[in-house]
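Student: Below is the structure, and that's it, no one-letter string:
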């Protein structure tokens, strides 16, 4: 992916690209690598970040398990973030109420930032072509622009969050309202030396 981004964005083969797979931490890892390389004097300017496309992952219970034997012997090796969140909440005694309050506060802060246009200059609008079936089951295509994060919910409340059932562990606390959304997105930063 990074090589394609480099070739397409800079229209040259003189700028290298490196893909790092650390699942949810890929963007943070690339920024750490960039900072370390700049600190070591190996570069002055590195574009680092991450991308996720959850719409490409089959949903509905099918799991990507590279090795069935390992999955059977060590099921926790292939945990998704939901079960990981449950384990962290249990270990550090994070209550359902605290998770819901944190989620609500996150939604409120995000909605406020969107209304105030805080990130408008940092978001690159993307044109989407969507193929769908209309009410008569006829194939149609429509184009629209995505320029705002669709995740934050302005209508959520503590009462609404409290009514949601756990989705990863029947006795757990992680719900659709206090966990990460399933979405596509990307974020990148330019990491530079003081000299640059």
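Tutor: Received the coordinates, thanks. Since this is a predicted model, take the numbers as computed values, not measurements. Residues are numbered from 1 along each chain as shown.
Student: What pLDDT does the model give the residue nearest the centre of the chain?
Tutor: With distances taken as C-alpha atoms, centre = their mean, residue 52 lies nearest the centre of the chain, 5.6 Å away. If you check residue 52, the pLDDT there is 85.
Student: any idea which element it lies in?
Tutor: Element membership for residue 52, per DSSP states H and E: strand 45-53.
Student: Can you list the residue ranges for strands in the chain?
Tutor: For the chain, strands defined by DSSP state E occupy the ranges 45-53, 126-133, 139-146, 184-192.
Student: quick one: buried residues of the least confident helix or strand in the chain by mean pLDDT?
Tutor: The helix or strand of the chain with the poorest confidence is helix 68-73; it has a mean of 84 (mean pLDDT, DSSP states H and E). Buried residues in helix 68-73, counted by 16 or more other C-beta atoms under 10 Å: none are found. (Glycine included, C-beta is placed from N, CA and C.)
Student: need the contact list for the nearest residue to residue 30 once chain neighbours are set aside.
Tutor: Using C-beta to C-beta, 6 or more residues apart in numbering and skipping the chain neighbours, the partner closest in space to residue 30 is residue 48 (4.0 Å). Residue 48 makes contact with 27, 30-31, 33-34, 188-189, 191, according to C-beta atoms under 8 Å, 6 or more residues apart in numbering.
Student: circling back: to the chain's geometric centre, what's the distance from the strand holding residue 52?
Tutor: Taking C-alpha atoms, centre = their mean, to the nearest Å, one finds the center of strand 45-53 at 12 Å from the center of the full chain.
Student: Hey, what's the angle from that strand to strand 184-192? Just curious.
Tutor: Angle of strand 45-53 versus strand 184-192, following axes from the mean of the first three to the mean of the last three C-alpha atoms, to 10 degrees, is 170 degrees.
Student: list the buried ones in strand 45-53?
Tutor: Under 16+ other C-beta under 10 Å, the buried positions of strand 45-53 are 46-50, 52.
Student: do the same with stretch 74-84
Tutor: Neighbour counts over stretch 74-84 (16+ other C-beta under 10 Å) mark 82-83 as buried.
Student: Identify all contacting residues around it.
Tutor: With contact meaning C-beta under 8 Å, 6+ apart, stretch 74-84 is reached by 24, 63, 65, 70-71, 87, 167-169, 174, 179-180.
Student: What subset of the residues you listed is buried?
Tutor: Buried subset of those (neighbour count, 16+ other C-beta under 10 Å): 87, 168, 174, 179.
Student: what's the closest of those to residue 156?
Tutor: residue 179 (13.0 Å; C-beta to C-beta).
Student: State the distance from the closest one to residue 119.
Tutor: Going from residue 179 to residue 119 by C-beta to C-beta, to the nearest Å gives 22 Å.
Student: got it, and residue 138?
Tutor: Here residue 138 is placed at a distance of 38 Å from residue 119 (C-beta to C-beta).
Student: Thanks a lot, see you next time.
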